[in-house]
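> here's my sequence, what's the structure:
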Amino acid sequence: MKTTFNLASVLSDLKSRPCVCSFFVTVTLICGAYFIGNAYVAKENKERLTRWEVIPTMQNTESNTCKNRCRPAGSESLPEGIVVKTSNLGMQPLWGSIPENKNAKPSLNLLAIAVGIKQKDLVNQIVEKFPSSNFVVMLFHYDGVVDEWSNLSWSDRTIHVSAKNQTKWWFAKRFLHPDIVADYDYIFLWDEDLGVENFDPIRYLSIVQEEGLEISQPGLDPVKSELHHPITVRRRRSRVHRRYYKFKGSGRCDAQSTDPPCVGWVEMMAPVFSKAAWQCAWYMVQNDLIHAWGLDRKLGYCAQGDRMKNVGVVDAEYIVHLGLPTLGGLDGNKLINVSLAPPTKENSNSKAQALSNSNKADPRALVRWQSFAEMQIFDRRWTNASKEDNCWIDPYRRLVNQSTH
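Numbers count the residues shown, from 1 in each chain. Got it, this is the predicted structure:
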């Protein structure tokens, strides 16, 4: 078979090969640019979408440490180091140097008192007993009068909160949230009608700490005080007592008693709470039950342990309870607004309702009946809550059962 040589065909092939190579090179460059461009655009779009929380894929790549980190609700979008979980009642100057160590805090306590201008002298004596180096002072003005306190030497460094005809517990629920008072080791939540001639708060706290009292009160002078409950009476030659004894009549109390008011109980006119105890007690204060009657019998649940050991009355530092009329007696004989009458929705006490509708009702009597009605409501709420919460176990039920056998 004979093969012929075609010079023209060979020359044509040689001329076309550079074109083919150029074509493939061009296509390769175009494809590379396309894929690289797509990758860049996809990355940019993903970052943009993630920034606007359209795709939460970043959460899936977090480490276990980040997933398990406890963050306050609402702070999830912030870096942890900028989040401040608590506050305090300390005042700050409008100008001047800022301490470099923002976490350095002196050991402070809080004195909070519900006050009216008529008891200005008594309140002044109380506040002057509490050194400013150890105590922040907060006054709850239930009569709306604030400016007339400004001539007292300590007024400018005091926190003043005003709301007419509101009680100490109304103020405490709204302005003493545990996150606000987290810097204070002890909270004195006192009435205004107290004599403090024989009381030293520094020595008092020293005793409280040594005795391990989470909830306490100063003993009451048995001669000069208006007394309501025997356990609050100061005992001579005693440092602290935690129970009282009654062997005759109804409501007996002996060494086997495990319940308030025989043991584990303080009165509500001058309680002192540790930080941990107040954090618990604040949650138990009801928004609408402003007199807090009935709360005293349950405070032992906030004693951070055994209420028979961690709740007590300090005899070595004692006060006088003067029992002066305050709320409900602001305007002499002027009748108080009938809104203070006992509520009818949860209380059917006919005598209280009759008092509230009477044009001759004594304001102090109305407040008294309101307090009694609130105690009944609180007791019902506690009973219902303890029945409905299947996960809650009453730590004192076993003690009650043991003492009855």
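> in the protein, which helix or strand is least confident?
Ranking every helix and strand in the chain by mean pLDDT, DSSP states H and E puts helix 350-357 at the bottom, with a mean of 52.
> adjacent strands (with direction) for the longest strand anywhere in the chain?
Longest strand of the chain, by residue count under DSSP state E: strand 311-321. Next to strand 311-321 in the sheet, as set by DSSP bridges, lie strand 194-195 (antiparallel), strand 215-220 (parallel), strand 240-241 (antiparallel).
> how far does that strand sit from the chain's center?
When C-alpha coordinates are averaged (Cα atoms, centre = their mean, to the nearest Å), strand 311-321 and its chain have centres 25 Å apart.
> tell me which helix or strand comes right after the least confident helix or strand of the chain.
helix 363-388 (DSSP states H and E).
> flag every buried residue along that next one.
With burial defined by 16 or more other Cβ atoms under 10 Å, the residues of helix 363-388 counted as buried are 363, 366-378, 382. For the C-beta atoms, the positions are set from N, CA and C on the backbone; glycine is no exception.
> dihedrals phi and psi, residue 274?
Here is the backbone geometry of residue 274 (degrees, to the nearest 10): phi -70, psi 170.
> so how many other residues sit close to it?
When counting by other Cβ atoms under 10 Å, one arrives at 23 neighbours for residue 274.
> nearest residue to it other than its sequence neighbours?
In space, and not counting its chain neighbours, residue 274 is closest to residue 214: 4.6 Å by Cβ to Cβ, 6 or more residues apart in numbering.
> quick one, what contacts the one you found?
Residue 214 makes contact with 273-274, 276-277, 302-305, 310-311, according to Cβ atoms under 8 Å, 6 or more residues apart in numbering.
> if we go to 7 Å?
Residues touching residue 214, when contacts are defined by Cβ atoms under 7 Å, 6 or more residues apart in numbering, comprise 274, 276-277, 303-304, 310.
> next one, pLDDT for it please.
Here the pLDDT value assigned to residue 214 is 98.
> ditto for residue 227
Checking the pLDDT column for residue 227, the value is 88.
> surely it touches residue 234?
No: the pair formed by residue 227 and residue 234 falls short of the contact definition of Cβ atoms under 7 Å, at 10.2 Å.
> which one of those two has more residues nearby?
Between residue 227 and residue 234, counting by other Cβ under 10 Å, residue 234 is the more crowded of the two (22 against 15).
> leaving out sequence neighbours, find the closest residue to the more buried one.
Nearest non-adjacent residue to residue 234, counting by Cβ to Cβ, 6+ apart: residue 219, 3.1 Å away.
> is it true that the one you found touches residue 318?
Yes: assessed by Cβ under 7 Å, residue 219 is found in contact with residue 318 at 4.2 Å.
> tell me, what's touching these two both at once?
Residues touching both residue 219 and residue 318 (Cβ under 7 Å, 6+ apart): residue 234.
> how about the contacts of residue 214, which pair is most distant?
Farthest apart among those by Cβ to Cβ are 276 and 310. That separation is 10.2 Å.
> now do the contacts for residue 314.
Taking Cβ under 7 Å, 6+ apart, we find residue 314 in contact with 204, 207-208, 216, 218-219, 240.
> re earlier: type out the ChimeraX command that picks the buried ones from the contacts of residue 214.
Applied in ChimeraX, the following selects the buried portion of these according to 16+ other Cβ under 10 Å:
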select :274,277,303,304,310
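> quick revisit: just the strands paired with strand 311-321: most buried one?
Among the strands paired with strand 311-321, judged by mean count of other Cβ atoms under 10 Å, the one packed with the most neighbours on average is strand 215-220 (a mean of 26).
> ok, residues contacting it?
For strand 215-220, the external contacting residues (Cβ under 7 Å, 6+ apart) are 199, 204, 208, 227, 232-235, 266-267, 270-273, 277, 299, 302-303, 310-315, 317-319, 321.
> would you put the C-alpha positions of it in PDB?
Once non-C-alpha atoms are left out, strand 215-220 reads as follows in PDB (Å, rounded to 0.1, in the frame of the first residue of the first chain):
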ATOM      1  CA  ILE A 215     -31.700  36.100 110.000                       C
ATOM      2  CA  SER A 216     -31.800  38.000 113.300                       C
ATOM      3  CA  GLN A 217     -33.100  41.000 115.200                       C
ATOM      4  CA  PRO A 218     -32.000  43.000 118.200                       C
ATOM      5  CA  GLY A 219     -33.700  42.100 121.400                       C
ATOM      6  CA  LEU A 220     -36.400  44.500 122.700                       C
END
